[in-house]
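*Asks:* Fold the stuff below for me.
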Amino acid sequence: MGAIALVLVSTGYWALAHRFSKRVDADSLQIETVRNGSFNVYVIGNGTVVPRDAEYILARVGGQLIEVNVKSGDSVSRGQVLFTIDNEELMEEFGNKKIVVAEAKAALEAQASAIKTSELQLRRSMLEAESAYNVQNAEFEAYRDLQENKSLPVPMILYKQSEIKAIQLKKIFDLEVEQLKSYRSSMKTELDQYKARLELAENIFARTRERVDGLKMKAKTNGVIQDVEFKPGQRVEVGTLLGLITNPNDVYVRLKLPAVQGRMLALGQKAIIRISSEDRTGKIVRIDPNVKGTTIDVDVDLSENANLRSNMFLSGKVVVQEVGDALFVDAPPNVVENGTSSIYRVTEDGEHLQLVKVKTGLLSAGQVQVQAGLNAGDRIVVSDTSKFDGAERVDYRQN
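*Replies:* Numbering: from 1, shown residues only. Just a heads-up that it's a prediction; the model follows:
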């Protein structure tokens, strides 16, 4: 019986010793100090520099590149010829359309001339008829005056003949007037048809000329050209992107942030953009309402755009909450947000690690807010502790 008791005591002592006497090499652990100060909650993501107003140089016609006058990074001016394309079929079509316009124009001019000649003849006939009527009508009116005054009797037969002839000539004159009017109306319709043919030919020619003008690709704005990858001799199709022109001083950052944190984002929030080991500040100016997979796009305007290039990759974080006076520390593995976690703290003598319960608050950018269980200046283990998990106290050996 005594032997059994001895075994139980020994076993219990071994278990306690195992629990309390683990040792760890200090060099294998990462230790961080609890700090007091401003604690920010971030939403973190990656992104690119985006030009605000980029001019995309798209091939308006297909063909072979015979001139590439720029390379990526060159400064270009409005109206500068950037690329020249050769297209023999288009040039032949342009020549044929030009001939069609010339033929339509010549046909219109010839028809207009013929109409003018015919109209002059009709006007001449009308004027002759008008003159004949006026002469005869004057004679009739003279006979009528004599007949009414009875000063000089006029034979009735002469009076009636003069009246009838005047009436006939008036009808002839009226017919000539009506014929001229009808001719002008019908000729206007005919002339409009010739004008319509010419207008159609000119419109087709104008569209063809636009395509010909498109053989020389010119800059529409001042800026820096980029993404030029084509060489002379290569063939391009309609719509091929030959390059784009941007203003290096007018760019913004487009961040891709976790969609699950999208509810925390708002316009005007401060953003910190990391560019080549340099931090630049900005603010959110647009939040894309559409989720793309697991991310959401957020546009950030920077206070300083110097030395930024379009499509440059970068990282950034948006400040979604600021706690002015807080305890915080780099987050140990498996720490929970707004909960309780077991964390190893270095004892005051610096020789042991003590397992303590810590009430945590917000997690952000690899750091955690401390609500209770630690004080400013405390040092804790923030690296992996799986080798001695469960031990309430661990020897902390310094080499």
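*Asks:* Can you name every helix or strand that the helix of greatest length in the chain contacts?
*Replies:* Taking DSSP state H as the criterion, the chain has its longest helix at helix 88-149. In this structure, helix 88-149 packs against helix 156-213, with contacts taken as 3 or more Cβ pairs under 8 Å, 6 or more residues apart in numbering; DSSP states H and E. Placement of C-beta: from N, CA and C, glycine included.
*Asks:* roughly how far is the one helix or strand D301 maps to from the heart of the chain?
*Replies:* For D301, the element it lies in under DSSP states H and E is strand 295-302. Centroid separation for strand 295-302 versus its chain: 15 Å, with Cα atoms, centre = their mean, to the nearest Å.
*Asks:* who does the helix or strand just after that strand pair up with?
*Replies:* Next along the chain after strand 295-302, taking DSSP H and E as the criterion, comes strand 313-330. Strand 313-330 sits in its sheet next to strand 35-51 (antiparallel), strand 270-275 (antiparallel), strand 367-372 (antiparallel), going by DSSP bridges.
*Asks:* Arrange those in a markdown table, one row each, with distance to K195 as further columns.
*Replies:* Shown next, in a markdown table, are those (distance: least, Cβ to Cβ, whole Å):
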| stretch | distance to K195 |
| --- | --- |
| strand 35-51 | 47 |
| strand 270-275 | 62 |
| strand 367-372 | 79 |
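*Asks:* Of all these, which one is nearest L255?
*Replies:* With Cβ to Cβ as the measure, strand 35-51 is the member of these nearest L255 (3.8 Å).
*Asks:* in that closest one, what's buried?
*Replies:* Residues R35, F39, N40, V41, Y42, V43, I44, G45, G47, V49, V50, P51 are the ones in strand 35-51 that count as buried (16 or more other Cβ atoms under 10 Å).
*Asks:* same thing with stretch 85-99?
*Replies:* Applying a neighbour-count criterion of 16+ other Cβ under 10 Å, one finds I85, N87, L90, E93, F94, K97 buried in stretch 85-99.
*Asks:* want to throw the strands paired with strand 313-330 into JSON lines with mean pLDDT and distance to D389?
*Replies:* Formatted as JSON lines, these follow (pLDDT from 0 to 100; distance: least, Cβ to Cβ, whole Å):
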{"stretch": "strand 35-51", "mean pLDDT": "89", "distance to D389": "25"}
{"stretch": "strand 270-275", "mean pLDDT": "91", "distance to D389": "34"}
{"stretch": "strand 367-372", "mean pLDDT": "89", "distance to D389": "18"}
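*Asks:* picking that back up, Q269: which of the buried residues of strand 35-51 is nearest?
*Replies:* Proximity of the buried residues of strand 35-51 to Q269 was ranked by Cβ to Cβ; the top entry is V43 with 8.8 Å.
*Asks:* what are the bridge partners for that closest one, then?
*Replies:* Residues in beta-bridge contact with V43 (DSSP bridges): V318.
*Asks:* One more: G63?
*Replies:* On the basis of DSSP bridges, G63 is bridged to V236.
*Asks:* so what's F313 closest to, chain neighbours aside?
*Replies:* Leaving aside its sequence neighbours, F313 sits nearest to T48 (Cβ to Cβ, 6 or more residues apart in numbering; 5.8 Å).
*Asks:* Against T385, how distant is that neighbour?
*Replies:* Per Cβ to Cβ, to the nearest Å, T48 is found 39 Å from T385.
*Asks:* Also R254?
*Replies:* Taken as Cβ to Cβ, the span from R254 to T385 is 40 Å.
*Asks:* Looking at those two, which is more packed in?
*Replies:* Neighbours were counted for R254 and for T385 using other Cβ atoms under 10 Å; T385 has more, 21 against 17.
*Asks:* picking that back up, present the buried residues of stretch 85-99 as TSV; the columns should include distance to F173.
*Replies:* Converted to TSV, the buried residues of stretch 85-99 look like this (distance: Cβ to Cβ, whole Å):
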residue	distance to F173
I85	67
N87	63
L90	59
E93	55
F94	54
K97	49
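*Asks:* which one of those sits closest to S186?
*Replies:* K97 (30.8 Å).
*Asks:* For that closest one, give me its contacts.
*Replies:* Contacts for K97 (Cβ atoms under 8 Å, 6 or more residues apart in numbering) come out as A201, I204, F205, T208.
*Asks:* Would you write a ChimeraX line that selects the buried entries of the residues you listed?
*Replies:* The buried residues among these can be selected in ChimeraX (16+ other Cβ under 10 Å) with this line:
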select :201,205,208
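*Asks:* Looks like G239 contacts I57 (just checking).
*Replies:* No. With contact defined as Cβ atoms under 8 Å, G239 does not count as touching I57 (11.2 Å).
*Asks:* Which of these two has more residues huddled nearby?
*Replies:* A count of neighbours by other Cβ under 10 Å puts I57 above the other of G239 and I57, at 23 against 9.
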